[in-house]
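[1] the following comprises the amino acid sequence and a computationally predicted model.
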Amino acid sequence: MWSADLPKLGVGIGYRDAYRYDVFRYIDDIDFMEITADHFFDPHPKSNQLLSLLSDQFKLIPHGLGLSLGSADGLDRDYLQKLKQVVDTIQPAWWSEHISFCRVRGIDIGHLTALPKTRAALRCLSENIRIATSEIEQPLILENVTQSIEYKNDTFDEASFLGEVLDENDCGLLLDVTNLYINSVNYRFDPLKALWRLPADRIVQLHFVGFYREGDILVDGHAHPTNREIWHLLDEVVRYAPICGAILERDEHLPPFSEILREIDTMREIIDQSSVES
């Protein structure tokens with residue numbers, strides 16, 4: 001059975017090479033870091049050296065991009081073994097992947113695509129999760145993604161589907177708060193009502209970053225400061241769930257590191273205020 005007995009890691013960032021020197025300069029301001037596991041599959045000495053250096057100085061959480069847990073083709077066993085090697089090397093408190101697919105008939109489609117919210121998709125996802133977790137011992141938490149395709153045969157709404165996935169697979173949730181908000185606007189549902197239907201004890205980690213607009217559509221570009229709407233929703237999430245960590249994701253239009261630190265501090269203040277009130 002799922003155990004919520006995981007360490008409180010605090011607030012941090014997703015590691016990016018552009019900030020390599022900054023993160024070591026400001027070690028005391030970063031509680032932990034998330035690394036993209038795929039970036040460390042290459043056994044090059046420089047890659048191994050960086051991973052060793054990061055793991056010596058920071059608590060690390062590996063985050064996978066290409067396992068394609070929702071793929072009807074099954075898992076790429078070579079990819080899974082490379083992912084396992086990274087996780088085994090770090091020995092993290094948990095590791096994470098997406099509730100999505102990115103591979104079809106052996107072809108990488110280059111996008112984390114949301115699954116149909118159906119029993120058939122859930123069975124496929126669950127079988128792949130079973131295989132992955134039989135290979136990797138550390139607890140798995142699963143991330144919600146933005147939905148760019150609306151499936152006509154969906155039989156669940158977003159909150160119901162996430163709940164089914166977590167319960168059936170006995171996993172924790174990496175709640176991407178930005179993705180939840182974007183989906184709520186693009187598909188017209190109340191993000192707070194969706195949040196309150198999720199199992200609070202399974203919400204382990206958060207992702208947050210800003211979005212941008214394309215007409216009436218919100219887009220997650222990992223390229224903008226966290227919006228006011230996201231800060232408000234983050235405040236609601238930490239009041240609702242006893243989270244263990246939160247990661248700022250920023251991949252494009254990278255600002256001076258001082259701006260990153262300000263966002264980390266803001267998130268930390270939100271968590272601290274929630275702790276005082278509770």
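    That came through, no problem.
[2] surely Val237 touches Leu195?
    Yes. If you go by C-beta atoms under 8 Å, Val237 and Leu195 touch, sitting 6.3 Å apart. Using the backbone N, CA and C atoms, a C-beta is placed for each residue, glycine as well.
[3] show me which of those two is the more surrounded one.
    Shown here are Val237 and Leu195; by other C-beta atoms under 10 Å, Val237 has more neighbours (25 against 21).
[4] how about that one: what's its closest non-neighbour residue?
    Leaving aside its chain neighbours, Val237 sits nearest to Val177 (5.9 Å; criterion: C-beta to C-beta, 6 or more residues apart in numbering).
[5] any idea how far Ile230 is from the one you found?
    Distance of Val177 to Ile230, given as C-beta to C-beta, to the nearest Å: 6 Å.
[6] overlap of the contact sets of the two?
    The contact sets of Val177 and Ile230 overlap at Phe208 (C-beta atoms under 8 Å, 6 or more residues apart in numbering).
[7] lowest mean pLDDT among the helices and strands of this protein, which one is it?
    Ranked by mean pLDDT, DSSP states H and E, the weakest helix or strand in the chain is strand 107-113, scoring a mean of 79.
[8] next, give phi and psi for the residue nearest to Val237.
    For Val177, the backbone dihedrals (degrees, to the nearest 10) come out as phi -70, psi -40.
[9] list the buried residues in the strand or helix carrying Val23.
    Using DSSP states H and E, Val23 falls within helix 20-25. Buried residues in helix 20-25, counted by 16 or more other C-beta atoms under 10 Å: Asp22, Val23.
[10] what about it, distance to the chain center?
    23 Å (C-alpha atoms, centre = their mean, to the nearest Å).
[11] ok, the residue nearest to Val237 touching Leu206?
    Yes. Contact between Val177 and Leu206 holds when scored by C-beta under 8 Å: they sit 5.6 Å apart.
[12] give me the common contacts of those two.
    Leu234, Val237.
[13] what stretches of the protein score poorly on pLDDT?
    For the chain, the stretches with pLDDT under 70 are 1-4, 276, 278.
[14] show me where the stretch 101-250 of the chain has helices.
    119-135, 158-169, 177-186, 191-196, 228-240 (DSSP state H, counting those that start in this stretch).
[15] most tightly surrounded among the ones you listed?
    Of these, the one with the most neighbours on average (mean count of other C-beta atoms under 10 Å) is helix 177-186, at a mean of 22.
[16] mind checking how far that one is from the chain centre?
    Helix 177-186 sits 14 Å away from the centroid of its parent chain (C-alpha atoms, centre = their mean).
[17] elements contacting the least confident helix or strand of the chain?
    Judged by 3 or more C-beta pairs under 8 Å, 6 or more residues apart in numbering; DSSP states H and E, the packing partners of strand 107-113 are strand 101-104.
[18] now the strand it packs on: buried residues?
    Neighbour-count burial for strand 101-104 [16+ other C-beta under 10 Å]: Phe101, Cys102, Arg103.
[19] OK, contacts around the second one?
    Yep, that's Cys102 we're talking about. So Cys102 contacts Leu65, Gly66, Ser68, Ser71, Asp108, Ile109, Gly110, His111, Leu112, Thr113 (C-beta under 8 Å, 6+ apart).
[20] which one of these has the most neighbours?
    The residue in those with the most neighbours, by other C-beta under 10 Å, is Ser68 (25 neighbours).
[21] gap between that residue and Leu115?
    11 Å.
[22] then Asp31?
    32 Å.
[23] over to Leu50?
    For Leu50 relative to Leu115 (C-beta to C-beta), the value is 33 Å.
[24] do the same with Asp17
    31 Å.
[25] can you check Leu125 too?
    6 Å.
[26] go on, Phe156?
    For Phe156 relative to Leu115 (C-beta to C-beta), the value is 10 Å.
[27] now do Tyr181
    Per C-beta to C-beta, Tyr181 is found 20 Å from Leu115.
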